[in-house]
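J.: structure of the sequence below:
(3 chains)
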Amino acid sequence: MLGEGIAKGLVETARNFFGSYVNKDRLTTVQYPEERIPQIEATRDFPFLVYDGGDWQAGMRCVACQICEKECPPKCIYIEKSKDKKLDAVGKPQFYPAVFNIDISVCMSCQICVEVCPFEAIKMDTEFELSTYDRFGGLLWDKARLSKSNEYYREVHPTDAAVSDALLAEEKAKAEAKAKATTEAKTNPTISNAPQPGSGDRPAS
Amino acid sequence: MGETADQIFVTLQHSIAGYAPAGLRPVLSTMLAVIAILGVFALLFAMTTVLERKGLGRIQNRYGPNRVGPFGLLQPIADGIKSLTKEDIVPQAADKAVHLLAPISLVLAAFTLFAVLPLGRNMVLVNLDAGVLFFFAVSSVMEVAIFMAGWSSRNKYSLLGAMRAIAQMISYEVPLILASVTVIMAAGSLSTVEIVARQSGYSGILPHWFVFTPWGFAGFFLFMVAATAESNRSPFDLPEGESEIIAGYFTEYSGFKFALFFLGEYIGMFAISGLGITLFLGGWSAPLSFLTWIPSYLWFFAKLLAVIAMFIWIRGTLPRLRMDQLMNFAWRFMLPMALINLVTAGIWHFFEHGVLRWIVCSVVVVVSYVLLGRGLTQGWKLERRIYRFAE
Amino acid sequence: MLFTTFAIVTVAGAVAAMSFRHLVHSVLSLIVAFAGLAAIYLLLGAQFVGLAQVLIYIGAVAILVVFAILLTRNTREIQRSIAVSSWRQSVAVVFAVFGVLAWAIYGSGAISHVMRPQPEVAIQQIGDALILRFALPLEIIGLLLTVALIGAVTIAMQEKKEKR
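T.: Predicted structure coming up:
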């Protein structure tokens, strides 16, 4: 009969209307900025530089290899190598970046810099509320602004941080073992100087 | 006590007008009433915009505006400031005089419609002998205003929207007027005050409203559908639908003129709902006989709010009708239904009071509704006969 | 004074309707002339006629004229002036008609200083007259309108079939 569908539709909308007062779950609106949708762990927004320990300058993992600068598609990273060296995460003296700028208004969050970094030095942050009134320099971040601690990294990306920490621990262990082997070889010249099997250049199995 | 509360605005008007010299007294009292009507309905417009958005939001499982003021109720102030401060862009090829006159004449016509609506006991602005005719006459001026708006923009989409709007409004005026004619027949007068007076009796506790008769019920349904189409409201808002034709006849309007169009349309909606309430729902009379202590104007506005809520509910439910579906509905279903309703009202009048006339009238109305509905959905058409000869 | 205002509005609307170059402007000023006429009817106390004038002339006839213009003519502005070469003859005819009308109106009893009481024509009386005394003209008009409607439907219907 004419009008039956309309009547059914009206009942449905009335149910929606009154239901929205009775049952708050019906309203899927997230009232930003009082509420926020919880972010998933794999959220990526803009990069940050990881440092170990308390001092961001001494503990910075980045060795200014400039791989991320070359691989970045929109070329938003600018690195200047330092002249002197400092100890890196595994204990080897390396260069460090004197200038490390990322223009986050250009950055497209593709995570390529994270994927190519061999030193677990640059990772993706999850902060997105980054508006600023300064149009020209406000979104050009230097290395002080970009550095965040490893504890922070463990907070925002627990699983990735665990993997990264395990990797670094393994490399550190390998480097220490190699250092111990060379010091032993130096103090004990009778042990042959030929390259030992299972150490050095071959990739770890 | 009930009497004073009921007539409080009338006594207020008389006391303020008493301060003027005797010659100016009618002018002053009319001016006061006009100012009151303008103020009240403009406020109602503001409230309706925000309530509509919140209502539609809740129907669509979301909040409406809830940032400005408590529960978003001060949103119209923000909207008003926005409309007033926006740049008024007039296209270079547009006809400047007509472009300016169109929203003004729309708002003028819309507000003039309130002159014959009785908002309460003794609270009608002008008690015209031909009140209902006045109402329809002025609402046809609104059509001219819409044409002016659409044409003056020199934009083919605006013109198309305006032509469609006028075609729609003219087509739906016929069932609208025919539905009102049944009420005029039953009340015996074109004066709105007289029509409300006819509906103000009670048998037991039930009122004598015309909507509680078979022809009145059908007439109310026809009137409300035609009123929705006359005010270009969803689901009949093809001429102004944003996804169809940009904004139709007010595409080229910005800022305050756009707000004036919005105002004119909503005020037209209130006025025609007011007429529907006056004709079918008993105007300012209370629904049950023991509730007459509540002032009459409160009942009128309560009914008006209920009708507006119904409009909002329908807007949130139904998709937009296509132009040919709209016209088919008007000419193939509503017009025959309105004519049959007229006959039914006549039958009702000439039978004596009793169960028989209820049965006969209800049967006529229901059967014609079902048959016409079937005809509409199955697309019965008038077609020329094609004769096939056996070869 | 009210009458003078409305009369000026009507005449101005009519003159403007003649002299505008753009057809749609002419129609709009014709609407103003209709409105002025309706106001004069209402001033005379003829509520039904005045409101019917608004409803029918402004609401239907003017819209019909507008549709007709927009569907048929090219609505660009006429570039030449509206004055015709034979304007002297037309002015003479106009004055002659005005003279005849003025003589007829003055000669009749309408402008006598005795104001007869205005007849109270309630709308009820108009309805009674239509149904009782003028029933046959009413039915004939109804028949005429029905014939026109059916004719329009038939013409439109045939066009739809012929297109195949």
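J.: top helix in the chain by residue count?
T.: No chain specified, so I'll use chain A. The helix that spans the most residues within chain A, counting by DSSP state H, is helix A:158-187.
J.: think we crossed wires, I meant chain C
T.: Taking DSSP H as the assignment, the helix of chain C that covers the most residues is helix C:135-162.
J.: quick check: mean pLDDT of it?
T.: When pLDDT is averaged over helix C:135-162, the result is 83.
J.: what residues does B:R374 make contact with?
T.: B:R374 sits next to A:L2 when contact means C-beta atoms under 8 Å, 6 or more residues apart in numbering or on different chains. C-beta here means a position set from N, CA and C on the backbone, and glycine is covered the same way.
J.: in a helix, it, correct?
T.: Yes. Assessed with DSSP: H, G, I helix; E, B strand; the rest coil, B:R374 lies in a helix.
J.: returning to that earlier point: list the helices and strands the longest helix of chain A packs on?
T.: helix A:150-156 (3 or more C-beta pairs under 8 Å, 6 or more residues apart in numbering or on different chains; DSSP states H and E).
J.: sorry, back to before: may I see the buried residues of the longest helix of chain A?
T.: Buried residues in helix A:158-187, counted by 16 or more other C-beta atoms under 10 Å in any protein chain shown: A:D160, A:A161, A:S164, A:L168, A:E171.
J.: nearest to B:L321, of those?
T.: Lowest distance from B:L321 to those (C-beta to C-beta) belongs to A:D160, with 54.8 Å.
J.: any idea what the residue most central in space within chain A is bridged to?
T.: A centroid search over chain A (C-alpha atoms, centre = their mean) returns A:K123, at 1.5 Å, as the residue closest to the centre. Taking DSSP bridges as the rule, A:K123 bridges to A:F48.
J.: who's in contact with the nearest residue to C:V61 once chain neighbours are set aside?
T.: Sequence neighbours aside, C:F34 is the residue nearest to C:V61 in space, at 7.9 Å (criterion: C-beta to C-beta, 6 or more residues apart in numbering or on different chains). Applying C-beta under 8 Å, 6+ apart to C:F34 gives the contacts C:G13, C:Q53, C:V54, C:Y57, C:I58, C:V61, C:A62.
J.: roughly how far does C:F34 sit from B:T251?
T.: To B:T251, C:F34 is 28 Å away according to C-beta to C-beta, to the nearest Å.
J.: got it, and C:V94?
T.: Applying C-beta to C-beta to C:V94 and B:T251 gives a distance of 44 Å.
J.: thinking again about what came up before, ok, the residue nearest to the centre of chain A touching A:C113?
T.: No. Counting by C-beta atoms under 8 Å, A:K123 does not reach A:C113; the two are 9.3 Å apart.
J.: give me the common contacts of those two.
T.: In contact with both A:K123 and A:C113: A:P47, using C-beta under 8 Å, 6+ apart.
J.: domain ranges for chain C?
T.: C:1-77, C:122-164 (automatic domain parsing).
J.: can you give the distance of the longest one from its chain's centre?
T.: The reference is to domain C:1-77. Its chain's C-alpha centre and that of domain C:1-77 lie 7 Å apart, by C-alpha atoms, centre = their mean, to the nearest Å.
J.: just stretch A:151-170 next, same as before
T.: Worked out by C-alpha atoms, centre = their mean, stretch A:151-170 lies 10 Å from the chain centre.
J.: which sections of chain A are below the confidence cut-off?
T.: Within chain A, the stretches with pLDDT under 70 are A:189-205.
J.: quick one, strands of it?
T.: A:47-51, A:77-87, A:93-103, A:122-124, A:140-141, A:147-149 (DSSP state E).
J.: mind giving me the packing neighbours of the fourth one?
T.: Strand A:122-124 sits against strand A:47-51, helix A:112-116, with contacts defined as 3+ C-beta pairs under 8 Å, 6+ apart.
J.: most neighbours per residue, which of those?
T.: A comparison of these by mean neighbour count, using mean count of other C-beta atoms under 10 Å in any protein chain shown, puts strand A:47-51 on top with a mean of 24.
J.: give me the helices and strands touching it, please.
T.: Strand A:47-51 packs on strand A:122-124, helix A:143-146, strand A:147-149, helix A:150-156, going by 3+ C-beta pairs under 8 Å, 6+ apart.
J.: CSV for the ones you listed, including distance to A:E80?
T.: Compiled in CSV, the helices and strands packed on strand A:47-51 are given as follows (distance: least, C-beta to C-beta, whole Å):
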stretch, distance to A:E80
strand A:122-124, 16
helix A:143-146, 10
strand A:147-149, 16
helix A:150-156, 24
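J.: deepest of these, which one?
T.: Comparing the helices and strands packed on strand A:47-51 by mean count of other C-beta under 10 Å gives strand A:122-124 as most buried, with a mean of 22.
J.: show me which residues of the stretch 1-150 of chain B sit near chain C.
T.: B:95, B:98, B:128-130, B:133-134, B:136-141, B:143-144, B:147-148 (C-beta under 8 Å from any C-beta of the partner chain).
J.: apply 6 Å and report the result again.
T.: B:D129, B:A130, B:L133, B:F134, B:F136, B:A137, B:S140, B:F147 (C-beta under 6 Å from any C-beta of the partner chain).
J.: closest to B:S171 out of those residues?
T.: Nearest to B:S171 among these, with distances taken as C-beta to C-beta, is B:S140, at 13.0 Å.
J.: which SSE is the closest one in?
T.: Element membership of B:S140, judged by DSSP states H and E, is helix B:131-152.
J.: same thing with C:V24?
T.: Using DSSP H and E, C:V24 falls in helix C:23-43.
J.: which strands or helices does the helix or strand just after that helix pack on?
T.: Per DSSP H and E, the first helix or strand lying C-terminal to helix C:23-43 is helix C:47-52. For helix C:47-52, the elements it packs on are helix B:131-152, helix C:23-43, judged by 3 or more C-beta pairs under 6 Å, 6 or more residues apart in numbering or on different chains; DSSP states H and E.
J.: and A:T126, how far from A:V90?
T.: For A:T126, the distance to A:V90 (C-beta to C-beta) stands at 27 Å.
J.: how about the closest residue to chain B within chain C, what does it touch?
T.: When scored by C-beta to the nearest C-beta, chain C has C:G59 as its residue closest to chain B, at 2.5 Å. Counting by C-beta atoms under 6 Å, 6 or more residues apart in numbering or on different chains, C:G59 touches B:S140.
J.: quick one: secondary structure of it?
T.: Taking three-state DSSP as the rule, one finds C:G59 in the helix state.
J.: residues from chain B in reach of chain A?
T.: Counting by C-beta under 6 Å from any C-beta, the residues of chain B close to chain A are B:R58, B:I59, B:N61, B:R62, B:Y63, B:G316, B:T317, B:G373.
J.: this completes my enquiry, with thanks.
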